Structures are given as structure tokens and as C-alpha cells.
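Q: no sequence on this one, just coordinates:
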């Protein structure tokens, strides 16, 4: 899909407070920037994410993702495993109605990975920009 | 409990294609427990429908509500005002709830959002199995608490049949032979000798053979009839 020159995707990033959220703070300390229309929401664990959160986010944005702790490294043992399962479930729902599955994703990182955080967010933003506006957006 | 699963989205979108405002109605009973039609599923399905219709360029307004039980007229009285404001209802309750809605609101269509599958038990997260066929004449006292009507593929009494091998049913290697389970259970309880008794033919008139069933308990009926 061609990139619309003036299209600036709106993205919701759910972040585990033990990894993604701290990595975002680390990125800020390092003076790293990420696109303006990215909204961060802190969760107590990536396992708190729900299919409903993703769907609600996608009703008004172009893409959404969850930042989880590295695999095998969840403070609550299986939070990141469950988060991955819910990403898959959301992708299936999107597929059913003909919306690109790539609009939802999961990425793993640690608290001290500020650079990685900025890279993940930028890459996801670029991918969503490539896909174009979410055709299912309810609130334009 | 009653086990249900959501209908394919295309089927639901087809039902609702002619409506602009729809009430998505969940049930707080069995379908909440089996994750098919509770408050959360109402939210998820509403999001999915709203996005699908938005994508088609025909937005739909969705009102969300979950009542305690859709199979009781009392709980439906409380949502009469919501039903009045919409073009149709999409019910995520079992077939009983859907029919109760249609009876309670005869001037509006209540469409089924789920397929009602069976009466069963939750074995694991995301895994359910049939346990009862509501045949109307329970014989669990004679079979070690394991129902051959629901769990034997042939619903036979005085089993097992020749298709039972290594405790499994010939219909599927994933299905336990109900009569092997009954034998093992009665052995464990020290009551296996009870299987020597020949069970009489089952009277199916208590089941579907007698047509739609109705139960009246006069001891509970009030003078007013309500």
C-alpha cells in the first residue's frame, strides 16, 4: 500500500510497568524521541492486556501494541505469554473482518532498553504508516 | 451449564445488515461462564461489528447491555426502554434466552449471536465437554454417576458395544467409552456387581419423543397464576 504523504498514524502503546514503561522513561532520559501521535498506557503487567483493550484502541486509532518483558522473564511468570495469546486472538478478530493483522503487535524488551523502545515504536509507526489509515476506525 | 459459542461474524453481519441501531445483549448466566456471551464478549463483539460496518462505510450504532439472565422475563422488563430505542436486538444468550427475548419483545427481531452447543462441563480453559442430554429420566444412580445417554455415542444401556477399545470409543480416539468409565468407576466404588442387573429399555417419552416438554409444579403455582 502506498504511503499517504500527510498521513500520521495514531497509535496506542500498552506498556508493562516493569519493562516497556521503564524503557520509555529510559528513552526520555537519553533524549530519544518517537512520533507525536503515540499514546502510552501503563499496565501493571503485560498479562493485564485484554482483547477488549486492543479492540477499543483500534476503534479510534490506526494501530496498537503491547510492550512486554522478555520471554521467560515475566515477574508474574506467564503475563507475557498471556499477552501474546491475546494479541493472536485480536489478530484473528481483525482478520475475520478484513482488517490487517499487523495493526496489533507484541514486542519484548527490558527496562534498560531505551534505544530498543524508540526503535520498536518507530518501526511499528512506519509499518502502520505503510498500511495507511485503519479502515475500521469508528471514531474518525 | 449450557455451552455456546459465538456465531461466525459474517453470519451476524448478514442478520444486522439492514439495521442502523442495534442492542447487543449479553447474559450473566451460563454464556458468561463459557465465555461466549457475557459482558466482555458483548464489548468485544460490539467493537468488531462497529469496525466491520465502519469499514463497509455503513456505520452502526450499538447499545451494549448484559442482564442477569435472559431466560427470565423479569430481567428483560428492565431493558424494555432500551429495546424500544433500537431497530433490533442481537442476543448472545443461549437459545432459551434468545427465544425469551423474542417472546418478551414481539415487535422487534432478536437475532442469535451464538450457537447453543450442549449441556456440559468446563474441563480446561477453552475446553468443554457434554455431560447431560436433559433426557428427563436420570439414571446416574445406576451407572456410577456417569451418564451413558450423553456420553456413550450410541446412548446405549447395558453397554459397552463392540466398538469400545482400550477405554476409547470407535467414533473418535479422543472420546472415552462411557461404559468403560462406568465399569472403572463402579469397580473403584466396589459396586461393579450392580452391572449384572439388566437395565430395562429407556422410556424416551420423557425426552424429545414426547414433543416439546413442559413442567408444571402445582405446589408452587400462585392463585393469580403469576
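A: Yep, it's here. Here the structure is a predicted model, which means the values were calculated and not measured.
Q: give me the number of residues near residue 84?
A: Picking chain A for this. By other Cβ atoms under 10 Å in any protein chain shown, the residues close to residue A:84 number 19. Placement of C-beta: from N, CA and C, glycine included.
Q: that was the other one, I meant chain B.
A: Residues near residue B:84, counting by other Cβ under 10 Å: 11.
Q: and it, which of the three is it?
A: helix (DSSP: H, G, I helix; E, B strand; the rest coil).
Q: quick check: closest non-adjacent residue to the spatially most central residue of chain A.
A: Nearest to the mean C-alpha position of chain A, counting by Cα atoms, centre = their mean, stands residue A:65 at 1.6 Å. If the residues on either side of it in the chain are set aside, residue A:65 comes closest to residue A:105, at 4.5 Å by Cβ to Cβ, 6 or more residues apart in numbering or on different chains.
Q: wait, that neighbour sits on residue A:124?
A: Yes: counting by Cβ atoms under 8 Å, residue A:105 touches residue A:124, with 6.3 Å between them.
Q: which one's more surrounded, those two?
A: Shown here are residue A:105 and residue A:124; by other Cβ under 10 Å, residue A:124 has more neighbours (23 against 19).
Q: quick check: the more buried one touching residue A:63?
A: Yes: Residue A:124 is in contact with residue A:63 according to Cβ under 8 Å; the separation is 6.6 Å.
Q: my guess is residue A:131 meets residue A:100, correct?
A: Yes: between residue A:131 and residue A:100 there is a contact under Cβ under 8 Å: 5.3 Å.
Q: name the residues contacting each of residue A:124 and residue A:63.
A: Listed as contacting both residue A:124 and residue A:63 by Cβ atoms under 8 Å, 6 or more residues apart in numbering or on different chains are A:11, A:105.
Q: picking up where we left off before, what residues are up against the residue nearest to residue A:65?
A: A:63, A:65-66, A:87, A:124.
Q: out of the residues you listed, flag the one nearest to residue B:128.
A: residue A:87 (24.1 Å; Cβ to Cβ).
Q: ok, the contacts of residue A:105 vs chain B, which is closest?
A: Chain B has its nearest neighbour among the contacts of residue A:105 in residue A:63, at 13.2 Å by Cβ to the nearest Cβ.
Q: how about the strands in chain B?
A: Counting by DSSP state E, the segments of chain B that form strands are B:2-6, B:21-27, B:61-67, B:88-91, B:109-112, B:114-124, B:127-132, B:168-169, B:172-176.
Q: if I look at residue B:31, how far off is residue B:124?
A: Distance, residue B:31 to residue B:124, using Cβ to Cβ, to the nearest Å: 18 Å.
Q: when the two are compared, which one has more neighbours?
A: Using other Cβ under 10 Å as the criterion, residue B:31 and residue B:124 rank with residue B:31 on top: 29 against 7.
Q: quick check, pLDDT for the nearest residue to the more buried one once chain neighbours are set aside.
A: Nearest in space to residue B:31, with sequence neighbours left out and distances taken as Cβ to Cβ, 6+ apart, is residue B:37 at 3.4 Å. As predicted, residue B:37 sits at a pLDDT of 98.
Q: what lies in contact with the helix or strand bottoming out on mean pLDDT in chain B?
A: Least confident element among the helices and strands of chain B, by mean pLDDT, DSSP states H and E: strand B:172-176 (a mean of 94). By Cβ under 8 Å, 6+ apart, the surrounding residues in contact with strand B:172-176 are B:151, B:153, B:167-169.
Q: please redo it, this time with the cut-off set to 10 Å
A: B:129, B:146, B:151-153, B:164-169, B:184 (Cβ atoms under 10 Å, 6 or more residues apart in numbering or on different chains).
Q: and that strand, what's buried?
A: residue B:176 (16 or more other Cβ atoms under 10 Å in any protein chain shown).
Q: ok, that strand: who's next to it in the sheet?
A: Note on strand B:172-176: by DSSP bridges, its sheet partners are strand B:168-169 (antiparallel).
Q: avg pLDDT for the partner strand?
A: 97.
Q: what does stretch A:122-140 give?
A: The model assigns stretch A:122-140 a mean pLDDT of 93.
Q: okay, buried residues for it please.
A: A:124-125, A:128-129, A:131, A:133-138.
Q: got those as TSV, with secondary structure and distance to chain B columns?
A: Shown next, in TSV, are the buried residues of stretch A:122-140 (DSSP: H, G, I helix; E, B strand; the rest coil; distance: Cβ to the nearest Cβ, whole Å):
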residue	secondary structure	distance to chain B
A:124	helix	19
A:125	helix	21
A:128	helix	16
A:129	helix	19
A:131	helix	13
A:133	coil	11
A:134	coil	8
A:135	coil	4
A:136	coil	3
A:137	coil	6
A:138	coil	5
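Q: re earlier: can you lay out the contacts of strand B:172-176 as TSV showing neighbour count?
A: Formatted as TSV, the contacts of strand B:172-176 follow (neighbours: other Cβ atoms under 10 Å in any protein chain shown):
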residue	neighbour count
B:129	16
B:146	20
B:151	22
B:152	26
B:153	15
B:164	19
B:165	12
B:166	7
B:167	13
B:168	15
B:169	22
B:184	16
